[in-house]
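In: Just to be clear, the model below is a prediction. Sequence and coordinates:
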Amino acid sequence: MTGAAAQPSPFAFERLRRYPDVEADNLFAVDASDRLILDEAADAVAAAAPGEVVVIEDRYGALTLGAAHLGGARDIRVHQDVLSGELALARNAADAGLAGAYRSVGLTEELLSGARVVLLQLPRSLSALDEIVGAIARWAAADVTVFAGGRIKHMAPAMNGVFARHFTRLDVTPARQKSRVLVATGPIRPPSAGTTPDWPHTQRHEDLAITVCAHGAAFAGTTVDIGTRYLLEFLGRMKPGARTAIDLGCGTGVLAAGLALRRPDLTVIASDQSAAAVASAGATMVANSVADRVSVIRDDALASRPDASAELILLNPPFHIGSSVHAGIALKLFDDAARVLAPGGELWTVWNTHLGYRPALTRIVGPTRQVGRNSKFTVTVSTRS
């Protein structure tokens, strides 16, 4: 006798998981701001027709699946910058039997055209918020209402100014459980529908001979963070004779572009899980005339790359997961670099010296030696045994 097929579990916030993002006892898939956004938007979501609800920056699916299960929303369009969040949403939706309630879309007109209700988890970056809110004002319906929420400790008065540039009215809800929601209406349209969007921004760094392009959510914007600047000094010493390299967690693509410019014999892959980073890095490669030798991909760490396939990997690892300082993301990247490096391959890493990553790199990747250190950063090379 054949056993009965497993049935999806009913939706519950408590069942949501972060996987494949880092999971730990002090990291959560849902918080009070998700619940407050859904409560404030409940009537609007219930009144919306299929296809009129859009969710932006849903971390792991709480907003999307809450709108589908609690509010009956269907054909929800969703944009999440981070790929691990997109994958977590897919897993959580399948678990709750709601996989058909939404579809993932880039931050484009396709995402927002005709949208009357937008649920938004506020990004911490004002630049990211400006690009998102500007896109809503440009492409959503004229009667759109935006319910944008977050934890109060991560909200800033300057966010009100961002909304004021793109919407005529902003209401602030009472706080609940250290969370708050901003409700925006009256989108201010650009002077012409054909007006070129403001993003990405571009900046030329003559001292590095590199042009950097950046969308709002890209780390460091068009600047070059000091860790990346330090690692750029070592490009000529990295794995002599290598023909391929990977810039892991590429951000705006500065390391990939610098490597391609400095070593024209190399073919480079620039990889990041952020959609904004991938779009930024792609524009950076074009701006530096190296797009023919640098492929930019969106990936969860190096999940799409085969084992033992890379000669050289460069990494400037983040030490934040969302708003939390946590080593888990760096360790995840070290693990994938170790898997993808071929025997004798090199991982060049720059890290804040106080983080003390050298023992972890030795344990996970292989013999690790310090090749540079300044007042703040350490550069190491780990060789895969």
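Out: Structure's in. What do you need?

In: what's the spacing between Val172 and Gly66?
Out: 22 Å (C-beta to C-beta, to the nearest Å). C-betas here are computed from N, CA, C, even on glycine.

In: neighbour count winner among those two?
Out: Comparing Val172 with Gly66 by neighbour count (other C-beta atoms under 10 Å), the higher total belongs to Gly66, at 26 against 11.

In: Can you tell me how far that one is from Arg59?
Out: Taking C-beta to C-beta, one finds Gly66 at 12 Å from Arg59.

In: Identify the contacts common to these two.
Out: The contact sets of Gly66 and Arg59 overlap at Asp34 (C-beta atoms under 8 Å, 6 or more residues apart in numbering).

In: Surely Arg15 and Ala94 touch.
Out: No. If you go by C-beta atoms under 8 Å, Arg15 and Ala94 don't touch, sitting 11.7 Å apart.

In: now could you export just the CA positions of stretch 30-46 as PDB?
Out: The C-alpha trace of stretch 30-46 is given here as PDB (Å, rounded to 0.1, in the frame of the first residue of the first chain):
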ATOM      1  CA  VAL A  30       9.900  37.000  11.800                       C
ATOM      2  CA  ASP A  31       9.600  39.900  14.300                       C
ATOM      3  CA  ALA A  32       7.000  42.300  15.600                       C
ATOM      4  CA  SER A  33       7.400  44.700  12.700                       C
ATOM      5  CA  ASP A  34       6.200  42.000  10.300                       C
ATOM      6  CA  ARG A  35       3.000  41.500  12.300                       C
ATOM      7  CA  LEU A  36       2.400  45.300  12.700                       C
ATOM      8  CA  ILE A  37       2.700  45.900   9.000                       C
ATOM      9  CA  LEU A  38       0.200  43.100   8.300                       C
ATOM     10  CA  ASP A  39      -2.200  44.500  10.900                       C
ATOM     11  CA  GLU A  40      -2.000  48.100   9.700                       C
ATOM     12  CA  ALA A  41      -2.500  46.900   6.100                       C
ATOM     13  CA  ALA A  42      -5.200  44.300   6.800                       C
ATOM     14  CA  ASP A  43      -8.200  46.200   5.400                       C
ATOM     15  CA  ALA A  44      -6.300  47.400   2.300                       C
ATOM     16  CA  VAL A  45      -5.000  43.900   1.600                       C
ATOM     17  CA  ALA A  46      -8.500  42.300   2.000                       C
END
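
In: Any buried residues in it, and which?
Out: Buried residues in stretch 30-46, defined by neighbour count with 16 or more other C-beta atoms under 10 Å: 30-31, 33-41, 44-45.

In: Output these as CSV; include the columns distance to Ser280, secondary structure and pLDDT.
Out: Listed next are the buried residues of stretch 30-46 as CSV, based on distance: C-beta to C-beta, whole Å; DSSP: H, G, I helix; E, B strand; the rest coil; pLDDT from 0 to 100:
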residue, distance to Ser280, secondary structure, pLDDT
Val30, 29, coil, 94
Asp31, 28, coil, 95
Ser33, 27, helix, 97
Asp34, 28, helix, 97
Arg35, 33, helix, 97
Leu36, 31, helix, 98
Ile37, 28, helix, 98
Leu38, 31, helix, 98
Asp39, 35, helix, 98
Glu40, 32, helix, 98
Ala41, 30, helix, 98
Ala44, 33, helix, 98
Val45, 32, helix, 98
